[in-house]
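Participant: Kindly generate the corresponding structure for this input.
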Amino acid sequence: MNIKLISYTPNADQTIASAGKLCYSPVGVSDIEENLSKESCDRYINMLSDLGHESPLEHASFTFAVEGVSRTLTHQLVRHRLASYSQQSQRYVRIDNFEYIISPSIKSDKKASEIFIKTMQDDQKSYTELTDLLYERHYNDFINHGVDEREAKRKVEKLAIEDARYVFPNACETKIVFTMNTRSLLHFFSLRCCNRAQWEIRNMTLEMVKICKDIYPSIFKNAGPNCVNGPCSEGKMSCGRINEVRELYKNL
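Facilitator: Numbering: from 1, shown residues only. All right, here's what the predicted structure looks like:
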């Protein structure tokens, strides 16, 4: 898994503080900014957090590029609707040797690992065979309908791989770029950092929290699962490790 923050709002703490103060100020942003210091921004952002006034957080955004993750992870990720996504297409990109993600529970079991790897190899073989078969059929159809050879080759590649891709598993490695504003990002962290979240997306989210805290410690001071700042929201399904979780995120 490779996680990179490729862009983010500069001076986000000042932007958030200016937006928040404007809601309660008789003066404009220029006057507000003149009186803002790093310390006053931090104090104001802490106050916004305590009050639960979250709309000013939406004025700062973060764009991550993630590679080496499974389609299982991205299927969960894109359910977070207040975000923008750009994912590597299996419809336009031919994947001749696909990478795949193995869960720790399968990887640690020799027999399970053998079954899993064989399945991945069979999937690749089927994909290649289907792609070649569909390519030839579509190519002949175009030629028979009077399409010139160059144009036929251009069209059939996409037609072949967009149907052959159906054999790929959820374990197939993918790459994705996504952007979230701070409010959405904190909500995302509150759900996917939880010990009950699926292991892969939880691992990704933990690394994202570390990155964000390093850049803007005041904004992301309370980033993490819901139990970091209050009671566990999972009820009877709680992992029962609230003190351990709080200690982890306190020391990131």
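Participant: can you pull out the helices in the chain?
Facilitator: 12-22, 29-34, 38-51, 71-77, 104-107, 110-144, 149-164, 182-192, 199-215, 242-250 (DSSP state H).
Participant: Now tabulate the ones you listed in JSON lines and tack on distance to Ser84, mean neighbour count and mean pLDDT.
Facilitator: C-beta here means a position set from N, CA and C on the backbone, and glycine is covered the same way. Formatted as JSON lines, the entries for the helices of the chain read as follows, by distance: least, Cβ to Cβ, whole Å; neighbours: other Cβ atoms under 10 Å; pLDDT from 0 to 100:
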{"stretch": "helix 12-22", "distance to Ser84": "17", "mean neighbour count": "21", "mean pLDDT": "89"}
{"stretch": "helix 29-34", "distance to Ser84": "26", "mean neighbour count": "12", "mean pLDDT": "78"}
{"stretch": "helix 38-51", "distance to Ser84": "24", "mean neighbour count": "15", "mean pLDDT": "86"}
{"stretch": "helix 71-77", "distance to Ser84": "12", "mean neighbour count": "19", "mean pLDDT": "97"}
{"stretch": "helix 104-107", "distance to Ser84": "31", "mean neighbour count": "12", "mean pLDDT": "96"}
{"stretch": "helix 110-144", "distance to Ser84": "29", "mean neighbour count": "14", "mean pLDDT": "96"}
{"stretch": "helix 149-164", "distance to Ser84": "23", "mean neighbour count": "16", "mean pLDDT": "92"}
{"stretch": "helix 182-192", "distance to Ser84": "10", "mean neighbour count": "21", "mean pLDDT": "97"}
{"stretch": "helix 199-215", "distance to Ser84": "16", "mean neighbour count": "18", "mean pLDDT": "97"}
{"stretch": "helix 242-250", "distance to Ser84": "26", "mean neighbour count": "14", "mean pLDDT": "94"}
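Participant: Kindly present those helices as JSON lines, with separate columns for distance to Glu173.
Facilitator: Output for these, formatted as JSON lines (distance: least, Cβ to Cβ, whole Å):
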{"stretch": "helix 12-22", "distance to Glu173": "31"}
{"stretch": "helix 29-34", "distance to Glu173": "45"}
{"stretch": "helix 38-51", "distance to Glu173": "37"}
{"stretch": "helix 71-77", "distance to Glu173": "8"}
{"stretch": "helix 104-107", "distance to Glu173": "15"}
{"stretch": "helix 110-144", "distance to Glu173": "10"}
{"stretch": "helix 149-164", "distance to Glu173": "16"}
{"stretch": "helix 182-192", "distance to Glu173": "19"}
{"stretch": "helix 199-215", "distance to Glu173": "11"}
{"stretch": "helix 242-250", "distance to Glu173": "28"}
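Participant: Among those, which comes closest to Gly224?
Facilitator: helix 242-250 (3.8 Å; Cβ to Cβ).
Participant: thinking again about what came up before, out of the helices of the chain, flag the one nearest Ala65.
Facilitator: Nearest to Ala65 among the helices of the chain is helix 199-215 (11.5 Å), distances taken as Cβ to Cβ.
Participant: Tell me the helices and strands packed up against the closest one.
Facilitator: strand 2-8, strand 61-70, helix 71-77, helix 182-192 (3 or more Cβ pairs under 8 Å, 6 or more residues apart in numbering; DSSP states H and E).
Participant: nearest to Lys153, of these?
Facilitator: Set against Lys153 and scored by Cβ to Cβ, these come closest in helix 71-77, at 28.4 Å.
Participant: who touches the closest one?
Facilitator: Helix 71-77 has contacts (Cβ atoms under 8 Å, 6 or more residues apart in numbering) with 85, 87, 101, 168-172, 174, 176, 178, 192, 198, 200-201, 204.
Participant: tell me which of the residues you listed is nearest to Leu5?
Facilitator: Phe178 (11.2 Å).
Participant: was I right about that closest one contacting Arg81?
Facilitator: No. Shown here, Phe178 and Arg81 do not form a contact pair, counting by Cβ atoms under 8 Å, at 11.6 Å.
Participant: out of these two, which sits in the busier spot?
Facilitator: Phe178 (20 against 6; other Cβ atoms under 10 Å).
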